[in-house]
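In: just to be clear, the model below is a prediction. Sequence and coordinates:
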6 protein chains.
Amino acid sequence: MRPSGRTAQQIRPVTITRNYTLHAEGSVLIEFGDTKVLCNASVVKGVPRFLKGKGQGWITAEYGMLPRATHTRSDREAARGKQGGRTMEIQRLIGRSLRSCVDLNALGEYSITIDCDVIQADGGTRTASITGACVALVDALNYMRSNGMVKTNPLKGMVAAISVGMYQGNAVADLDYPEDSKAETDMNVVMTEDGKLIEVQGTAEGEAFSFEEMNEMLVLARNAIRELVDAQKAALN
Amino acid sequence: MRPSGRTAQQIRPVTITRNYTLHAEGSVLIEFGDTKVLCNASVVKGVPRFLKGKGQGWITAEYGMLPRATHTRSDREAARGKQGGRTMEIQRLIGRSLRSCVDLNALGEYSITIDCDVIQADGGTRTASITGACVALVDALNYMRSNGMVKTNPLKGMVAAISVGMYQGNAVADLDYPEDSKAETDMNVVMTEDGKLIEVQGTAEGEAFSFEEMNEMLVLARNAIRELVDAQKAALN
Amino acid sequence: MRPSGRTAQQIRPVTITRNYTLHAEGSVLIEFGDTKVLCNASVVKGVPRFLKGKGQGWITAEYGMLPRATHTRSDREAARGKQGGRTMEIQRLIGRSLRSCVDLNALGEYSITIDCDVIQADGGTRTASITGACVALVDALNYMRSNGMVKTNPLKGMVAAISVGMYQGNAVADLDYPEDSKAETDMNVVMTEDGKLIEVQGTAEGEAFSFEEMNEMLVLARNAIRELVDAQKAALN
Amino acid sequence: MRPSGRTAQQIRPVTITRNYTLHAEGSVLIEFGDTKVLCNASVVKGVPRFLKGKGQGWITAEYGMLPRATHTRSDREAARGKQGGRTMEIQRLIGRSLRSCVDLNALGEYSITIDCDVIQADGGTRTASITGACVALVDALNYMRSNGMVKTNPLKGMVAAISVGMYQGNAVADLDYPEDSKAETDMNVVMTEDGKLIEVQGTAEGEAFSFEEMNEMLVLARNAIRELVDAQKAALN
Amino acid sequence: MRPSGRTAQQIRPVTITRNYTLHAEGSVLIEFGDTKVLCNASVVKGVPRFLKGKGQGWITAEYGMLPRATHTRSDREAARGKQGGRTMEIQRLIGRSLRSCVDLNALGEYSITIDCDVIQADGGTRTASITGACVALVDALNYMRSNGMVKTNPLKGMVAAISVGMYQGNAVADLDYPEDSKAETDMNVVMTEDGKLIEVQGTAEGEAFSFEEMNEMLVLARNAIRELVDAQKAALN
Amino acid sequence: MRPSGRTAQQIRPVTITRNYTLHAEGSVLIEFGDTKVLCNASVVKGVPRFLKGKGQGWITAEYGMLPRATHTRSDREAARGKQGGRTMEIQRLIGRSLRSCVDLNALGEYSITIDCDVIQADGGTRTASITGACVALVDALNYMRSNGMVKTNPLKGMVAAISVGMYQGNAVADLDYPEDSKAETDMNVVMTEDGKLIEVQGTAEGEAFSFEEMNEMLVLARNAIRELVDAQKAALN
């Protein structure tokens, strides 16, 4: 029995609000239950130095957690003077996931930065970030097309992400904080809309897991991501 | 004529939403028109080292701007590895303003941190922060009373803040971004609910200003702050 | 009664020594009683990136306090690896004040940096810095004219600054450290030589202050600044 | 056909040299072909603050790459003033993997830090690090037993790690640099000696991968890790 | 022929002004010609962590150069966020030199920090710093005796320092900037008042130097330091 | 009697292994007894900004100590976020020493960085670094000649370095850690192959030293360096 009363495969209610703020070329508030992440996509002319002159674009992501997004306040990274290892790990994951769904050559020499800022955390902030960031990215690409910055649509397809895990011996989808803090295994899965894998990051927090358990979790992830892609597409229409 | 069509003394619509997030002891979203700031108050046992053993409490503030709260994206301070001078200036101002409305001895050995994070900026983020933070602080103090952490109410009264300025030769209240970026003088005023001054910070951006102009601006500020305190009190009832 | 025995409007003896060091284009030691600040102006060709190609110049300031300028030693900011919030606040204030007295277009694509380093502190270091920096700036501008770097004098007029405050219920001018550490209100005022306001920064340290008290303080400031401008001009002749 | 001429399941020659340096309680040089990592385990009394008084121990890891371990020199992180995101990601992974094979309660209030420093890199530095670090950890635990610091052996079993990937459409084990830089998918797998999963981190660099490909890679990983555990045990006897 | 017209063994006029600032327990302005360094000694109760409980004291030094102490402005280290290698090298040298002339056990559990801040530079700032710091240290130790903080005088004797070098083939003493920037060899020598060596740091900037040249330079240094110790003692009487 | 049983002039066995790693243009492992330092030379096109357009090259060095190269683990500088004063001092010394043996004009607009990383420390790491780095530099210069990057050999001759000191009243050469930690004086000497001095850095750790002791130490250094240069040349043939 899950603390939330959900079934093993049941994800939390997902809400995707586009145009959440005024200024960004794509701005999405995504909610997975009580987890709320603001995903803002910013388009700028030009690319980082290592890509200069190659005729291709770049997509990167930054992640932050408001200090009191969590049960107890955590230090503000700007005040501490550096981003922690967890933050870096997550923003690198978001960036790689988004680059996998865009044809960077078709993007041309533009850079898109997706800022994922967690307003409220209840588990699954990185998977909510990826899922919301993809919608913000689509809005930013549409903005670029409307403004003649790209000729063709650089998007190869949607990506979404979900956390799955082993909780009290059972595979479950979309762990919330009470589950996440006690799960034996926690696995984040990023997939394309046609069900292929972009990233799998599974960690045994307590107990090592078997191949069978891994497969159970992946099946849950595939089903959940199908639902998330539906929610993304519904929001975009 | 102001770009927004407002009269000289007219402030933008103010909205104060309490309990905006789940975890903080006080959580307020304050909106001054398109400026939106999330103010979260966190209570912890204990005080900073310089106050240890003095039997009094402490209140401090931190301020941040989401990278795309503004028209063009600004660098994330956590990624740059330090908070800028403007950020430090603002968070020191918020902290001082809030400490002025609380009896720190009555607070006892507790620390309250108010995080003011700008979700969307359209001028006046520091004055919105102070005005919203005061409401979040009241909620945090109420939480402390309900939980027996303080015996008496340490609050001495409400504080609120407004920006006023000289725009095209006229004193105006509550400058939005189009005005702020062109004003000859910009002045931030923090006042108590009974009309006394806590902070005055006036800056001639272009043209020096006279004592008469200063007084005109202060009168506008006093009226505006009266409205803001009414809005704070309405939100708290 | 003031600890120093001064009358309410009486400022400390002011000494301005030009050409205090050898290398700077303008080098001034300013003393407000026991407060001593070395103000060095450095001229370099070129402007910061954000001004490139606009045909105008730039003036900026940096502020530092020698570790043992104060009663007890404070940490060296270079060793701690960052400038504190107070330092940033002050150097931003000095920079803004100086820019207000120069026609940046007439300056052409040159940058002037004014380093204000406090050798000894006894209250009022920021106002002494501004007052001395303005003299160093004039020397640097004269150097530029003599060397054909500018054609016309970019100086619009002198600026000077004084702290005023409410001490034991009375408005007083030019607070020294014993007053500053106990004042109910502390206000720094920057004015042009013709008596207009550039900056007003008033802070209620203990008690909120009234409009009347504010006006009393401003009148004291105006008189004090008149004296300071006289001292500046005497030093320059 | 692999650039090295190896078969799909063939890993590079593995060499494990114990007591490589004099001072560390466990010191292992591990070589996966041309990849060479020095793994030093240091034992100290006491635990980090967040574990104080809980009666358990802690194991953590740090990872570094000598600047010229790679084809072209990379900046020294100590000189740049911060560890990069990749470094943080890797050292967190090593730490988690090692903690999973030790009973931290049996360890008592001691901390073990494993420093993994890459002397020469040719792909697979993080998996070589984990595999070598586990041997260094065993030596450190033996040192602790010989010196009466622990009563029972806190080791639950060996862990080892391997990279697998999709290279030119085929699953291959133990990617070297020429493969790694071109692989479609790169997956790092950490397993216990009895074939259960500790960590799986798979990333589609170019092409998304299917569940079937994932399973093929996992089977290769399981076989490789069996060989690695044999090599660890041989080295320890 | 030296640019200054001095003879090979002739040092610049040395001026030592005690009680230069108000607050420090020892405060000395030392001038070697146009080189001016302010040396402030601060006494605090307690010692650094690595000395706790050993019953001995500690002496350390910090060095800084005002940004415009030099011909062209150098960046402020506090603004750059770190002290440069040269600064660290110099402050370590000053600290070691001063510790060598004090009996740290007799000092008891007190720390003395000597801040050497260069107001104006014309070569020889580190040797002027050591020579001036020693006088400031004596004043601080006297302050401690007067206040009953130490029972016996912990001072073992004076130390002073001079730079010597090979300039156009000749050994010369007390290099000023025009010499220093062109010298083939530059050597800083720290000696006790009875003519023994504390530190020798010789560097061939252009040409390697012979043992004979080294000895010639050391003889010049010994004579110069005799004069400096006389100046120190004269200042202290 | 020395702890190692060596005679006063006897240095430890020296081993120089070239081509120690694969990628660097020069890669040398040097051992002075139990002290082991890896010296990697990296050649890149271009020079630092301050040399642009002058037609000359640059040589610089970086130094690091693996955290457990020492008896007890020291913090990783990359994790602490800055290089310590000792590290900076040493890497500046290595860089200056190497530049003294190369004609930078003949080098042309190339930069060579020598990374000296201490694998195991037992005293004398900086002198081993210089001695090994010179061999790595020669290999890098040979690589440049073979690849047509330089026309003539920019090498002016070999340099090597040794530590000497006063230990229990006697001058000794090549101090190991047990001696180094107790020596009264420690002196590092860098010399050219024809017996001239490049750097002398002598420090009285406890007792000041006389001119006679200094000369005794220098004679030991000269003899030791002659042996080291022989070892360098043997390794290069």
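Out: All right, it came through fine. All of these numbers come straight from a predicted model, not from anything done at the bench.
In: right, and A:A24 touches A:A41 too?
Out: Yes - using C-beta atoms under 8 Å as the test, A:A24 is close enough to A:A41 to be in contact (5.9 Å). In short, each C-beta sits where N, CA and C put it, glycine included.
In: so, low pLDDT: which residues of chain A?
Out: Per-residue confidence of chain A (counting by pLDDT under 70) places no residue in a weak region.
In: what's the single longest helix in it?
Out: Longest helix in chain A, counting residues (DSSP state H): helix A:211-236.
In: and it, what's buried?
Out: Burial within helix A:211-236, assessed by neighbour count using 16 or more other C-beta atoms under 10 Å in any protein chain shown, is assigned to A:213-214, A:216-218, A:220-225, A:227-229, A:231-232, A:235.
In: next, count neighbours for the residue nearest to A:A106 when sequence neighbours are not counted.
Out: Residue nearest to A:A106 in three dimensions, not counting chain neighbours: A:P154, with 3.9 Å by C-beta to C-beta, 6 or more residues apart in numbering or on different chains. With neighbours defined by other C-beta atoms under 10 Å in any protein chain shown, the count for A:P154 comes to 22.
In: ok, A:P48 next?
Out: Other residues near A:P48 come to 9 when the count uses other C-beta under 10 Å.
In: again with the one 10 residues further on
Out: Residues within reach of A:W58, counting by other C-beta under 10 Å, total 21.
In: same question for A:G195.
Out: Residues within reach of A:G195, counting by other C-beta under 10 Å, total 14.
In: strands paired with the host helix or strand of A:V44, and their directions?
Out: When secondary structure is defined by DSSP states H and E, A:V44 falls within strand A:35-45. Here strand A:35-45 is paired, per DSSP bridges, with strand A:26-32 (antiparallel), strand A:110-120 (antiparallel).
In: which parts of it are buried?
Out: So for strand A:35-45, counting by 16+ other C-beta under 10 Å, buried means A:T35, A:K36, A:V37, A:L38, A:C39, A:N40, A:A41, A:S42, A:V43.
In: one more: stretch A:142-154?
Out: A:N142, A:Y143, A:M144, A:M149, A:V150, A:P154.
In: tell me the two of the residues you listed that are most distant?
Out: With distance counted by C-beta to C-beta, no two of the buried residues of stretch A:142-154 lie farther apart than A:Y143 and A:P154, which are 12.5 Å apart.
In: thinking again about what came up before, just send the buried residues of stretch A:142-154 back as TSV, with secondary structure too.
Out: Conversion of the buried residues of stretch A:142-154 to TSV gives the following (DSSP: H, G, I helix; E, B strand; the rest coil):
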residue	secondary structure
A:N142	helix
A:Y143	helix
A:M144	helix
A:M149	coil
A:V150	coil
A:P154	coil
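In: just say helix, strand or coil for the residue sitting furthest away from the middle of chain A.
Out: Within chain A, A:G53 marks the point farthest from the mean C-alpha position, 29.7 Å out by C-alpha atoms, centre = their mean. Reducing the assignment to helix, strand or coil with three-state DSSP, the entry for A:G53 is coil.
In: next up, the contacts around whatever residue of chain A ends up closest to chain F.
Out: Nearest to chain F in chain A, going by C-beta to the nearest C-beta, is A:K82, at a distance of 7.3 Å. For A:K82, the contacting residues are B:A78, B:G81, D:K82, F:G81, taking C-beta atoms under 8 Å, 6 or more residues apart in numbering or on different chains as the criterion.
In: and which of these is nearest E:I16?
Out: Proximity of the contacts of A:K82 to E:I16, judged by C-beta to C-beta, is greatest for F:G81, which lies at 39.1 Å.
In: and the closest residue to the closest one other than its chain neighbours, how many neighbours?
Out: Beyond its immediate neighbours in the sequence, the residue positioned closest to F:G81 (C-beta to C-beta, 6+ apart) is D:G81, lying 5.3 Å away. When counting by other C-beta under 10 Å, one arrives at 17 neighbours for D:G81.
In: and D:G81, backbone torsions?
Out: Dihedral pair for D:G81: phi 90, psi 10, per degrees, to the nearest 10.
In: repeat that for A:D174.
Out: According to degrees, to the nearest 10, A:D174 has phi 60, psi 70.
In: excluding its backbone neighbours, what's nearest it?
Out: For A:D174, the closest residue by C-beta to C-beta, 6+ apart turns out to be A:I11, at 4.0 Å.
In: that neighbour - that's part of a strand, no?
Out: No - per three-state DSSP, A:I11 lies outside any strand segment and is coil.
In: phi first, then psi, for it.
Out: Recorded main-chain torsions at A:I11 are phi -90, psi 160, according to degrees, to the nearest 10.
In: check A:A183 too.
Out: With angles defined as degrees, to the nearest 10, A:A183 shows backbone torsions of phi -60, psi 150.
In: contacting residues for whichever residue of chain A sits closest to chain C?
Out: Of the residues in chain A, the one nearest chain C is A:G81, at a distance of 7.3 Å by C-beta to the nearest C-beta. The neighbourhood of A:G81, defined by C-beta under 8 Å, 6+ apart, consists of B:G81, B:K82, C:K82.
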